[in-house]
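Novice: What follows is a predicted structure for the sequence shown.
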Amino acid sequence: MAGQTNKRPVLNLPRQAAVRILNGVMTEHKQLSELTQSDDFQALAPEDRARSQRLATHTLRHVGRADRALRPHLAKLPAVEVLNILRLGLVEIAGLGAPAHAVVNDLVSICAASNQTRPYKGLINAVLRKAVADVTGKWDKSPVQMLPKWLRNPLREAYGNGTIMAIETAHMRGAPVDLTVTGDLATWASTLGGTPLANGSLRLGEIGQISALEGFAEGKWWVQDAAAAWPAAALAVTPGETVLDVCAAPGGKTMQMAAQGGVLTALDISASRMERVAENLARTQLAAELVVANILEWQDPRQFDAVLLDAPCSATGTIRRHPDLPFAKDGTGISELIELQTQMLNATVGRVKPGGKLVFCTCSLIPDEGEVQAENFLRRHKDFTVDTSLPQGMDPAWRTEEGGFRLRPDYWSELGGMDGFYLIRMNRRG
């Protein structure tokens with residue numbers, strides 16, 4: 001046609017962004033939460049940001065399956081940046097049912113747009129088409145993504161092979177959205193179409209934008225995994241009790257305990273994260289004193305009726321909603337975290353009034369960050385005893401030898417699982 005010019009094809013921006021995310025996780029060992037704050041990512045339209053994040057997280061959950069299907073068609077492994085394009089394409093086509101022709105053509109264009117990957121256009125096209133043909137009808141039967149050795153080995157020693165495989169299956173399935181509501185649970189279940197859980201959380205099905213749901217703007221509920229809601233429930237705050245929430249951001253537990261009538265002091269070392277707590281409290285119309293400080297250096301002499309310490313940890317219990325974590329981390333730094341947890345637990349002792357109560361918890365699957373910490377604390381501090389009460393909805397079988405509770409992603413599998421967590425309540429003698 002007269003006047004026609006050759007133009008580079010318009011790239012699918014969500015796919016291109018998803019490839020960038022995968023490269024950032026795999027080559028720079030950055031976490032998805034950091035990568036999605038980049039200027040390039042934030043410049044995308046909201047719907048494109050959401051789609052690219054879904055594509056990237058789904059691919060990360062199925063890297064093992066994708067690599068297993070791709071390997072027979074690769075004489076040798078290409079650079080990670082090329083491999084990530086292949087992984088995303090295979091996962092989107094075989095796992096999400098996207099039309100193969102459109103996905104392959106678009107990924108070839110994305111490959112051609114980068115000097116680093118341009119020489120592999122032909123490989124992307126040929127390998128994807130062959131691999132898709134091979135896995136058609138077999139994708140869901142392929143073994144699930146295994147945890148990396150730095151994490152799988154200690155967890156296998158702690159829980160056994162069968163449990164590790166169940167946890168890995170839970171990670172692959174991802175995580176539904178759970179809410180903590182301030183009103184009647186049954187009413188909100190009917191309003192939002194969710195499922196009430198035994199511990200009082202509300203589990204939602206397929207949802208769109210969270211902030212567009214009824215009740216969000218009015219602060220009637222907030223997003224909080226069911227497992228993460230148990231530590232505050234175990235503390236069992238009563239109206240008028242003074243409560244110190246250590247490492248409070250982003251504020252889910254603070255809001256829980258404020259809604260129970262507690263007089264809250266929320267403490268966190270991060271000023272920026274504390275701004276998030278302030279925003280959440282304002283939305284939910286709940287009150288708490290906000291303190292930006294390090295519990296190890298905090299000079300305030302007050303003691304409290306109740307203290308909750310959600311200590312910094314490896315976050316290995318949250319992999320089902322953060323599938324980038326096994327790739328972005330390599331296990332280094334965990335011993336330092338364990339030492340920090342010990343120091344923080346020791347620092348909370350003087351904050352608990354005689355006759356008061358302390359809950360220690362971590363979103364970790366590693367016993368050294370949970371059961372072992374609690375055992376050592378009780379050995380050091382003879383004036384603390386384990387509380388034997390059972391929080392609402394807690395299965396007695398989840399109680400551990402030292403008296404805490406071990407929550408795992410494979411629990412409630414028929415309902416969609418839960419985050420991995422450890423928690424224990426200890427009471428100080430009067």
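Specialist: Thanks, I have it.
Novice: hey, let's count contacts and neighbours off CA atoms from now on
Specialist: Fine.
Novice: Give me the below-cutoff pLDDT ranges for the stretch 101-250 of the chain.
Specialist: Within the stretch 101-250 of the chain, no range satisfies pLDDT under 70.
Novice: tell me the domain boundaries of the protein?
Specialist: As recorded under automatic domain parsing, the domains making up the chain are 13-141, 225-428.
Novice: These into CSV, with extra columns for distance to L202 and mean neighbour count?
Specialist: Compiled in CSV, the domains of the chain are given as follows (distance: least, C-alpha to C-alpha, whole Å; neighbours: other C-alpha atoms under 10 Å):
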stretch, distance to L202, mean neighbour count
domain 13-141, 23, 18
domain 225-428, 8, 19
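Novice: what would those look like in TSV with distance to A175?
Specialist: As requested, the domains of the chain are exported to TSV (distance: least, C-alpha to C-alpha, whole Å):
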stretch	distance to A175
domain 13-141	11
domain 225-428	6
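Novice: Can you check which of these gets nearest to L179?
Specialist: domain 225-428 (7.0 Å; C-alpha to C-alpha).
Novice: before we move on, the earlier item: indicate which one of the domains of the chain is closest to T163.
Specialist: Closest among the domains of the chain, using C-alpha to C-alpha: domain 225-428, at 7.9 Å.
Novice: so which of the domains of the chain gets nearest Q209?
Specialist: domain 13-141 (9.2 Å).
Novice: about what we covered before: S201 is nearest to which of the domains of the chain?
Specialist: domain 225-428 (5.8 Å).
Novice: end-to-end on the closest one?
Specialist: Distance between the boundary residues of domain 225-428 (C-alpha to C-alpha, to the nearest Å) amounts to 28 Å.
Novice: before we move on, back to that, nearest to I207, out of the domains of the chain?
Specialist: Nearest to I207, of all the domains of the chain, is domain 13-141, at 12.3 Å by C-alpha to C-alpha.
Novice: Which helix or strand lies directly C-terminal to the helix or strand in which E168 is found?
Specialist: Using DSSP states H and E, E168 sits in helix 161-173. Downstream of helix 161-173, the next assigned helix or strand under DSSP H and E is strand 177-181.
Novice: before we move on, back to that, would you tell me which of the domains of the chain gets closest to T182?
Specialist: domain 225-428 (7.0 Å).
Novice: Now do the closest one: distance to the chain's middle.
Specialist: Domain 225-428 has its C-alpha centroid displaced from the chain centroid by 15 Å (C-alpha atoms, centre = their mean, to the nearest Å).
Novice: Would you mind listing the buried residues in the helix holding E168?
Specialist: Buried positions in helix 161-173, judged by neighbour count with 16 or more other C-alpha atoms under 10 Å: 163-173.
Novice: out of the residues you listed, who's nearest M274?
Specialist: Among those, and counting by C-alpha to C-alpha, the member closest to M274 is H171, at 29.3 Å.
Novice: The closest one and G333: what is the separation?
Specialist: 23 Å.
Novice: give the contact list for the closest residue to M426 other than its chain neighbours.
Specialist: Closest residue to M426 apart from its sequence neighbours, by C-alpha to C-alpha, 6 or more residues apart in numbering: V386 at 4.4 Å. By C-alpha atoms under 8 Å, 6 or more residues apart in numbering, the contact set of V386 is 403-404, 424-427.
Novice: try it again with 7 Å
Specialist: By C-alpha atoms under 7 Å, 6 or more residues apart in numbering, V386 lies in contact with 403, 425-427.
Novice: Equivalent analysis for P148, please.
Specialist: P326.
Novice: Check the spacing between the residue most central in space within the chain and L70 real quick.
Specialist: For the chain, T318 is the residue whose C-alpha lies nearest the centre (C-alpha atoms, centre = their mean; 3.5 Å). Distance of T318 to L70, computed by C-alpha to C-alpha: 28 Å.
Novice: same deal with E34?
Specialist: 29 Å.
Novice: now do G356
Specialist: G356 is 58 Å from L70, by C-alpha to C-alpha.
Novice: ranges for the helices of the stretch 151-300 of the chain?
Specialist: Taking DSSP state H, counting those that start in this stretch to define them, one finds helices in the stretch 151-300 of the chain at 161-173, 185-192, 230-235, 252-259, 271-284.
Novice: Against which helices or strands is the third one packed?
Specialist: Based on contacts counted as 3 or more C-alpha pairs under 7 Å, 6 or more residues apart in numbering; DSSP states H and E, the elements that helix 230-235 packs against are helix 252-259, strand 352-362, strand 421-428.
Novice: Mind doing that once more with 6 Å?
Specialist: Applying 3 or more C-alpha pairs under 6 Å, 6 or more residues apart in numbering; DSSP states H and E, we find helix 230-235 packed against no helix or strand.
Novice: can you pull the alpha-carbon coordinates of it into PDB?
Specialist: Below are the C-alpha coordinates for helix 230-235, written out as PDB (Å, rounded to 0.1, in the frame of the first residue of the first chain):
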ATOM      1  CA  TRP A 230      -4.300 -16.200  65.000                       C
ATOM      2  CA  PRO A 231      -1.500 -14.500  67.100                       C
ATOM      3  CA  ALA A 232      -3.700 -11.500  68.100                       C
ATOM      4  CA  ALA A 233      -6.500 -13.900  68.700                       C
ATOM      5  CA  ALA A 234      -4.200 -16.000  71.000                       C
ATOM      6  CA  LEU A 235      -3.300 -12.800  72.900                       C
END
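Novice: hang on, the earlier thing: if we compare the domains of the chain, which one ends up closest to A217?
Specialist: Of these, the one closest to A217 (C-alpha to C-alpha) turns out to be domain 225-428, at 6.8 Å.
Novice: Name the secondary structure element that contains V132.
Specialist: helix 121-135.
Novice: Just the CA coordinates for that helix, please, in PDB.
Specialist: Output of helix 121-135 as PDB, limited to C-alpha atoms (Å, rounded to 0.1, in the frame of the first residue of the first chain):
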ATOM      1  CA  LYS A 121      14.200 -15.300  18.100                       C
ATOM      2  CA  GLY A 122      14.200 -18.500  16.200                       C
ATOM      3  CA  LEU A 123      14.900 -20.600  19.200                       C
ATOM      4  CA  ILE A 124      12.000 -19.000  21.100                       C
ATOM      5  CA  ASN A 125       9.700 -19.700  18.200                       C
ATOM      6  CA  ALA A 126      10.800 -23.300  17.600                       C
ATOM      7  CA  VAL A 127      11.200 -24.500  21.200                       C
ATOM      8  CA  LEU A 128       7.900 -23.000  22.500                       C
ATOM      9  CA  ARG A 129       5.900 -24.600  19.700                       C
ATOM     10  CA  LYS A 130       7.500 -28.000  20.200                       C
ATOM     11  CA  ALA A 131       7.300 -27.900  24.000                       C
ATOM     12  CA  VAL A 132       3.600 -26.800  24.000                       C
ATOM     13  CA  ALA A 133       2.800 -29.700  21.700                       C
ATOM     14  CA  ASP A 134       4.500 -32.100  24.100                       C
ATOM     15  CA  VAL A 135       2.800 -30.900  27.300                       C
END
